[in-house]
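Q: using only what follows, build the 3D model:
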Amino acid sequence: MAILNYLLVLGLAFLGLFAGLLLGYIAKEELKPGKKYLVWLQNIILIIAAVLVLYSFQLHIILFILIGILITLVLIYLQPKAVIGYIILASLILLIMEKPNFFMLTSSLTFLYGFPAGSLILIRKK
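A: Sure thing, here's the model as predicted:
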């Protein structure tokens, strides 16, 4: 893919945060009861992205499972904030940039990560 295509996809992927903020402004009354589910959704998206990147490198199945479990436990324990999650996703995108199909999937997950991240930012501001 051309560099302009990469930049366009990355720009759109990180616009998910603004979509999440907009969604939070529209549904303010739903933010407080849904906070637990938004945190879980963030963690699930990060885990799926990490597993996708591991799968793209075609690791041995045992190593793949062990690393996946380790990543899951670390994410559940740390409960990363939106900025840390975006740093993780950006580094995963950089790792996978040479494989267009996985690059698009990881970018889509980055966009989807923005929805709960933006809404959780609104909850923290209040």
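Q: tell me who's in contact with I121.
A: Taking CB atoms under 8 Å, 6 or more residues apart in numbering, we find I121 in contact with 17, 20-21, 24, 82. Glycine gets a C-beta too; all of them are placed from N, C-alpha and C.
Q: could you do Y86 as well?
A: If you count contacts by CB under 8 Å, 6+ apart, then Y86 has 14, 17, 110, 113, 117 around it.
Q: tell me which of those residues fall in helices.
A: 17, 110, 113, 117 (DSSP state H).
Q: if I look at the first one, how far off is K81?
A: The spacing between L17 and K81, counted by CB to CB, to the nearest Å, is 12 Å.
Q: equivalent analysis for the third one, please.
A: Remark: distance between Y113 and K81 (CB to CB) = 12 Å.
Q: which one's more surrounded, the two?
A: Using other CB atoms under 10 Å, the more surrounded residue of Y113 and K81 is Y113, with 27 against 14.
Q: ok, the residue nearest to the more buried one when sequence neighbours are not counted - contacts?
A: Excluding the flanking residues, the one nearest Y113 by CB to CB, 6 or more residues apart in numbering is I45, at 4.7 Å. The contact partners of I45, taken as CB under 8 Å, 6+ apart, are 109, 112-113, 116.
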